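*Asks:* sequence unknown, structure follows:
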């Protein structure tokens, strides 16, 4: 096999190194935000909150509803959205495997029967004019030693993309859990609204009955009766709307579970506890390894950095080693004879001297990809911190509103109890008692809505804190490759 002169190699490298100055000045501009510099101490401070651990992998069990636990497990087992995310992971891993395979020597076999006839005007009388047949058996070897690091950088970029796909899958999983939990809380609110509407319908029907009695007795002119009849119709509409909401939310849950709408009919009324609000002390730095979207964004920054490395390395020379070893003969009987040996091969040096600006533009594109990945990471970090703050502040405000509404509801109950005592003593009327019930039902409706919103705030907080998913933000290429295998 032919060999290349060391002097020629040194001269080639020196020539290209002199031309590599063309990559100077092509730099990325993106800068990763430092979470420690994002001020959030005052927002997260509060006497109502105590330091707490990060959400666990089954954070939804804090609502203490076995049916919710079962629904989430069912969704995780059969939801189509998770199937799609898993398929994307497998594709990204395969692409990382292809990039790794490109770094390794290649060996292939080839068997061929080759026929050819050369014209006498070109090849002469000795070999021209006759149809010749050649039988060939060959082994082909090819390898490009990655002295410049192009192949390695491409492999590292593919590994980073595969890890980003894994983090994306965790984000899909968390979104599915969150949607099931939120829909389930909304279903509980719809059942509460149905109870409230039924109670309002009973109250308004009693008012209509009493109004007709008063009209017959000449104690009323009928105007109040018509108002009560309209209120009774409105209450009936509220009952129908609550039933519709229950059916819709059951259908939504069935779809999230990956089943047909009949599955939703089996979902009974939620019995939810309202967990306390609490956040860990490692905010915002702790989000980096726990928010799946942040982990994915950080891996994309890592992959983009390796993309820049690959584009820079493309300015350097490459060496390709190739060889063909085989046998060739015009007759099968002579194919394995001593004279049939076929050898071809040797090193080849590629020097990217003048590429018409292709390499520079490729590097510019890689720098832009990196800057885009950094910008998306920074935006995701800010959004994550905002979501934690929004959920926490919403929960605080809702707790205060629930407390004041509960006080008003208790006062309304005491007022109706007082009117009931007056009725028993002959000092009041049943009409006064029935009308006092309107304020109570209105406050109960507000309480149910506020309590549901408070549960939603806890779900949003657990989601914003990463939903119990702990992943490394970055890793070494070797460890990353082992994790993918």
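*Replies:* Arrived safely. Every value quoted in this text rests on a predicted model; they were computed, and no experiment measured them.
*Asks:* element containing the most centrally placed residue in the chain, please.
*Replies:* The centre of the chain sits closest to residue 171, judged by Cα atoms, centre = their mean, with a distance of 3.0 Å. Residue 171 is part of helix 150-216 when elements are defined by DSSP states H and E.
*Asks:* Show me what that helix is packed up against.
*Replies:* Here helix 150-216 touches helix 66-78, helix 80-101, helix 223-256, helix 292-313, helix 430-464, helix 477-484, going by 3 or more Cβ pairs under 8 Å, 6 or more residues apart in numbering; DSSP states H and E. Bear in mind the C-beta positions are built from the backbone N, C-alpha and C, glycine included.
*Asks:* now with 10 Å?
*Replies:* In terms of contacts (3 or more Cβ pairs under 10 Å, 6 or more residues apart in numbering; DSSP states H and E), helix 150-216 is packed against helix 66-78, helix 80-101, helix 223-256, helix 292-313, helix 358-424, helix 430-464, helix 477-484.
*Asks:* Apart from its chain neighbours, what residue comes closest to the residue nearest to the centre of the chain?
*Replies:* Spatial nearest neighbour of residue 171, excluding adjacent residues (Cβ to Cβ, 6 or more residues apart in numbering): residue 292 at 3.8 Å.
*Asks:* OK, contacts around that neighbour?
*Replies:* Residue 292 makes contact with 166-175, 466-467, 469, 471, according to Cβ atoms under 10 Å, 6 or more residues apart in numbering.
*Asks:* any weak-confidence spans in this structure?
*Replies:* Within the chain, the stretches with pLDDT under 70 are 1-27, 36, 38-51, 334, 356, 470-485.
*Asks:* and the residue sitting furthest away from the middle of it, what element?
*Replies:* Checked against the mean C-alpha position of the chain, the extreme residue using Cα atoms, centre = their mean is residue 125, at a distance of 72.7 Å. When elements are assigned from DSSP H and E, residue 125 belongs to helix 120-127.
*Asks:* Give me the residues contacting the helix or strand just after that helix.
*Replies:* Next along the chain after helix 120-127, taking DSSP H and E as the criterion, comes strand 131-143. With Cβ under 10 Å, 6+ apart as the test, strand 131-143 has contacts from 103-118, 319-336, 340, 342, 344-345, 347.
*Asks:* quick one: strands adjacent to strand 131-143?
*Replies:* Paired strands of strand 131-143, with direction, are strand 106-117 (antiparallel), strand 318-329 (antiparallel) (DSSP bridges).
*Asks:* Now the element after the last one, going C-ward?
*Replies:* By that I understand strand 318-329. strand 341-350.
*Asks:* just how off-centre is that next one within its chain?
*Replies:* Computed by Cα atoms, centre = their mean, to the nearest Å, the chain-centroid distance of strand 341-350 equals 49 Å.
*Asks:* Tell me which residues of that strand come out buried.
*Replies:* residue 347 (16 or more other Cβ atoms under 10 Å).
*Asks:* That strand to strand 131-143, inter-axis angle?
*Replies:* 50 degrees (axes from the mean of the first three to the mean of the last three Cα atoms, to 10 degrees).
*Asks:* Which secondary structure elements does strand 341-350 sit against?
*Replies:* Strand 341-350 sits against helix 6-19, strand 131-143, strand 318-329, with contacts defined as 3+ Cβ pairs under 10 Å, 6+ apart.
*Asks:* Flag every buried residue along stretch 382-398.
*Replies:* Buried residues in stretch 382-398, counted by 16+ other Cβ under 10 Å: 384-385, 387-389, 391-392, 394-396, 398.
*Asks:* if we take those residues, which one ends up nearest to residue 283?
*Replies:* Residue 283 lies nearest to residue 388 out of those, by Cβ to Cβ, at 6.6 Å.
*Asks:* The buried residues of stretch 382-398 into CSV, with extra columns for distance to residue 200?
*Replies:* Formatted as CSV, these follow (distance: Cβ to Cβ, whole Å):
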residue, distance to residue 200
384, 42
385, 43
387, 36
388, 38
389, 37
391, 32
392, 34
394, 28
395, 29
396, 31
398, 24
